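Return atomic coordinates for the entry below.
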Amino acid sequence: MYRSKAPLRIGLAGGGTDVSPYCDLYGGAILNATVSLYAYANIEPIEEKAIVLSAVDRNEEEKFDLAENLPINGKLDLLKGVYNRIQKQFGMPLKGFRLTTSVDAPAGSGLGTSSTLVVALIGAFTEKLRLPLGEYDIAQLAYDIERNELAMAGGRQDQYAATFGGVNFMEFFADDKVIVNPLRIKQQYLFELENNLVLYYTSTSRESAKIIEKQRANVKDKKEKSIEAMHQLKQQAQMMKEALLKGRIHEIGEILDFGFRQKRDMAEGISNPLMEEIYEAAKKAGATGGKISGAGGGGFMVFYCPGNSKYSVIQSITQFGGKCKNYQFVDHGLTTWTV
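Numbering: from 1, shown residues only. Got it, this is the predicted structure:
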């Protein structure tokens, strides 16, 4: 068996500035950190002359005769898209196998689930075929499959976070140029951040593509309010980087709050009345700031709770029907192995 796992991420600052055309025109910057929630992929050779695709967390399965190209039809497209591209670019002997996947968070939850799954899938095929791919190669391949071949709207940070792992300051430019800068943050600062950062699932998911399409249209149409918000979020990534490196962890809440206010102006649908109510309740209970994870509209929210305020914050926001999720920061990215 050929196995892989890749970590999901919490975006801490700069979210949305990794989306074209903004990053092509102005350059984008994002700060994110991978956490102990994963996407898993497993390839198991079988005697039968068939390709079996199974997403166990979604109760979805499809079976095909051996073929070099599988139909993209809205069901398990990420799995089929990766297989098609690997087959086309690297070639695989047409032998039967079962491809099984699962993810530790629901799709549309704002932790980069779909892109992380694509990275894990590429990892499993890389392990099976012993492909000579480096981290940048895998991340760019994942981006190309998801954004170009499957035409799924989104940014570029998730593929790189899942592949590299750790806390990274990422820069995005035209022509798909990406620079990943790993940050050497003292362990005590990371422990304090982990202790004070509450990860809350609103129990609603959303289709990020629709929000991202609005965001892209705002840049194309030169909507000043939206573009200025993205400029401010890029600045937020710099502020977050400095605070983490210098151990000014007490400033994180205010930096998140600054970003929360800016992000609302990027595109319609990023926030909604329920999320605003949750945010206000968290702040009343002691949080100094927070953010909507991913494109917005639902999914996870993050709150910075200084001192011992996280206990009262958790109590105040669980009344809205969501759940707080335990996690730790992890410094490893995509990992593959053979059994």
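
The residue nearest the centre of the chain and Gly15: what is the separation?
By Cα atoms, centre = their mean, the chain has its centre lying nearest to Gly112, at 2.0 Å. Noted for Gly112: a distance of 11 Å to Gly15, by Cβ to Cβ, to the nearest Å. Backbone N, C-alpha and C define where each C-beta goes, glycine included.

Other residues contacting the helix ranked longest in the chain?
Criterion DSSP state H: the longest helix present in the chain is helix 224-245. For helix 224-245, the external contacting residues (Cβ atoms under 8 Å, 6 or more residues apart in numbering) are 12-17, 22, 26-31, 167, 169, 183-185, 189, 193, 215, 218-219, 248-249, 251-252, 255, 258-259, 262-267.

how about 7 Å then?
Helix 224-245 has contacts (Cβ atoms under 7 Å, 6 or more residues apart in numbering) with 12-17, 22, 28-31, 169, 183, 185, 189, 218-219, 249, 251-252, 255, 258-259, 262-263, 265-267.

Buried ones among those?
For those, a neighbour count by 16 or more other Cβ atoms under 10 Å gives the buried set as 12-17, 22, 28-31, 169, 185, 189, 218-219, 249, 251-252, 255, 258-259, 262-263, 265-267.

Narrow the residues you listed to those in helices?
22, 189, 218-219, 252, 255, 258-259, 262-263.

Quick one: the strands in the stretch 101-250 of the chain, in order.
Per DSSP state E, counting those that start in this stretch, the stretch 101-250 of the chain carries strands over the ranges 167-172, 178-182, 197-201.

Of these, which is nearest Gly96?
Among those, strand 178-182 comes nearest to Gly96, with 36.5 Å by Cβ to Cβ.

Parallel or antiparallel, list what pairs with the closest one.
Strand 178-182 sits in its sheet next to strand 167-172 (antiparallel), going by DSSP bridges.

Next, the angle from the partner strand to helix 224-245.
Interaxial angle of strand 167-172 relative to helix 224-245 (axes from the mean of the first three to the mean of the last three Cα atoms, to 10 degrees): 150 degrees.

Figure out how far strand 167-172 is from the centre of its chain.
Here the centre of strand 167-172 is set off from its chain's centre by 13 Å, with Cα atoms, centre = their mean, to the nearest Å.

outside of it, which residues touch it?
Contacts for strand 167-172 (Cβ under 7 Å, 6+ apart): 18, 23, 27-33, 156-157, 160-161, 178-183, 185, 237, 241.

average model confidence for that strand?
Strand 167-172 comes out with an average pLDDT of 98.

pull the helix or strand with minimum mean pLDDT from this protein.
Among the helical and strand segments of the chain, the one scoring lowest on mean pLDDT, DSSP states H and E is helix 208-220, with a mean of 66.

Flag the shaky bits of the stretch 151-300 of the chain, pLDDT-wise.
For the stretch 151-300 of the chain, the stretches flagged by pLDDT under 70 are 204-212, 214-215, 264, 266-271, 294-298.

buried set for whichever helix or strand Lys88 is part of?
Take DSSP states H and E as the rule and Lys88 turns out to sit in helix 77-89. Buried residues in helix 77-89, defined by neighbour count with 16+ other Cβ under 10 Å: 77-87.

do stretch 30-41 as well
Those would be 30-35, 37-41, for stretch 30-41 by 16+ other Cβ under 10 Å.

In those residues, find the pair that's most separated.
By the measure Cβ to Cβ, Leu31 and Ala41 form the most distant pair in these, at 27.0 Å.

buried residues in the longest helix of the chain?
For helix 224-245, using 16+ other Cβ under 10 Å, the buried residues are 226-227, 229-230, 232-237, 239-241, 243-244.

still on that earlier bit, and the residue nearest to the centre of the chain, what are its phi and psi?
Main-chain dihedrals, Gly112, degrees, to the nearest 10: phi 80, psi 30.

Wait, a strand at Ala6?
Yes. Judged by DSSP: H, G, I helix; E, B strand; the rest coil, Ala6 forms part of a strand.

quick one: it from Asn218, how far?
Ala6 is 31 Å from Asn218, by Cβ to Cβ.
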